[in-house]
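> need coordinates for the following:
(4 chains)
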2 protein chains.
Amino acid sequence: MKKSEIIQLLESRNIQASYHRMKILEYLVNHRTHPTVDKIYSSISGEIPTLSRTTVYNTLKVLVEKKLVAQVTVEENELRYDYSEGPHMHFKCTKCGELYDIFDNCKILEVKNIDGHSIDEHHVYLKGICRNCREKNA
Amino acid sequence: MKKSEIIQLLESRNIQASYHRMKILEYLVNHRTHPTVDKIYSSISGEIPTLSRTTVYNTLKVLVEKKLVAQVTVEENELRYDYSEGPHMHFKCTKCGELYDIFDNCKILEVKNIDGHSIDEHHVYLKGICRNCREKNA
DNA sequence: GTATCTGCAAAACATTTGCAATTCT
DNA sequence: AGAATTGCAAATGTTTTGCAGATAC
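Residues are numbered from 1 along each chain as shown, chains lettered A, B, ... in the order given. Now for the predicted structure:
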């Protein structure tokens, strides 16, 4: 994604497009790997030597508030961040640790009402053995 | 649930039925409110004055390993524990904070295979406005 | 020149670990 | 006695907070 598009994304949500914010959002857009705060920090702090963790936290907070980025709880105790397009589920392989996005078979994500409750957010994460690990064993 | 049943539960999974473990499991069985470690600790430490948090952590770890109890991530950063019977989903009201178990419409919980991955665990949590809060507004 | 953003250091929390004391069999 | 369980205190790791300095509008 081009730098101008990153800026547009930010400004479309009324977020000032500071250098740090651009870099952090750019990282999330280009690395759809659901990184942790620490992963983001260590990945871009080479480019921005003065970057502090606090700024990463601050920025992510803003991005989540403005719904540009989602907080994902894939595994207990691992707060991760996700720039994603469209509803999807997550699948984590308990063997290799790889995390997959699942776009198939997502009817649950379309449910707007259950037991009289109205539903705004759907979070689905599945765990098991991924197809690669299964093939290796076979 | 009777004390003898609690003991049976523990022994059926080859867990020594110590006093602390019985009390912690009893609490979870009688309070299906997905309590945090701290909630469990402060709720029963009155009865067991020498109880330490470490023991609660240790016990919960054993109970989860032996699959008597499930770790639930309802909200980011809140590790909760759940003694539950049968697969179900969770719904949290963003207005009143109440957490509901959902047993309806759970087809996703039956899926054993997606995209070639084999699935062992299903975690679904939904957020929105619960029926009580909706009625109050109407 | 005022508001916003950034970064350091300290604080706040939750969880884990090592080890010694206790309890159970 | 020997093994498992418990509990304290310290360590760890992550996120938050307060405030001062820098930057942007």
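
> so where's chain A uncertain?
Within chain A, the stretches with pLDDT under 70 are A:75-76, A:105, A:138.

> show me which residues of it sit near DNA strand D.
Of all the residues in chain A, those in contact range of DNA strand D (Cβ under 7 Å from any atom of the strand) are A:16, A:18-19, A:36-38, A:53-54, A:57, A:61, A:79. C-beta coordinates here come from the backbone N, C-alpha and C atoms, glycine included.

> confirm that residue A:25 sits in a helix.
Yes - the assignment for residue A:25 is a helix, going by DSSP: H, G, I helix; E, B strand; the rest coil.

> residues touching it, list them.
The contact partners of residue A:25, taken as Cβ atoms under 8 Å, 6 or more residues apart in numbering or on different chains, are A:6, A:9-10, A:59, A:63, A:68-69, A:83.

> which residue does chain A have closest to DNA strand D?
Using Cβ to the nearest atom of the strand, residue A:79 is the residue of chain A that sits closest to DNA strand D, at 3.5 Å.

> can you count the residues close to that residue?
Applying other Cβ atoms under 10 Å in any protein chain shown, we find 16 other residues in the vicinity of residue A:79.

> may I have the secondary structure class of it?
Using three-state DSSP, the secondary structure recorded for residue A:79 is strand.

> is it in a bridge, and if so with what?
residue A:73 (DSSP bridges).

> domains in chain A, by residue range?
A:3-82, A:89-137 (automatic domain parsing).

> which residue ranges of chain A form strands?
For chain A, the strands defined by DSSP state E occupy A:70-75, A:78-82, A:89-93, A:99-102, A:113-114, A:117-129.

> just give me the neighbour total for residue A:97.
Burial of residue A:97 is recorded as 9 neighbouring residues (other Cβ under 10 Å).

> residue contacts, it?
Residues in contact with residue A:97 (Cβ under 8 Å, 6+ apart): none are found.

> any idea how far residue B:19 is from it?
Noted for residue A:97: a distance of 38 Å to residue B:19, by Cβ to Cβ, to the nearest Å.
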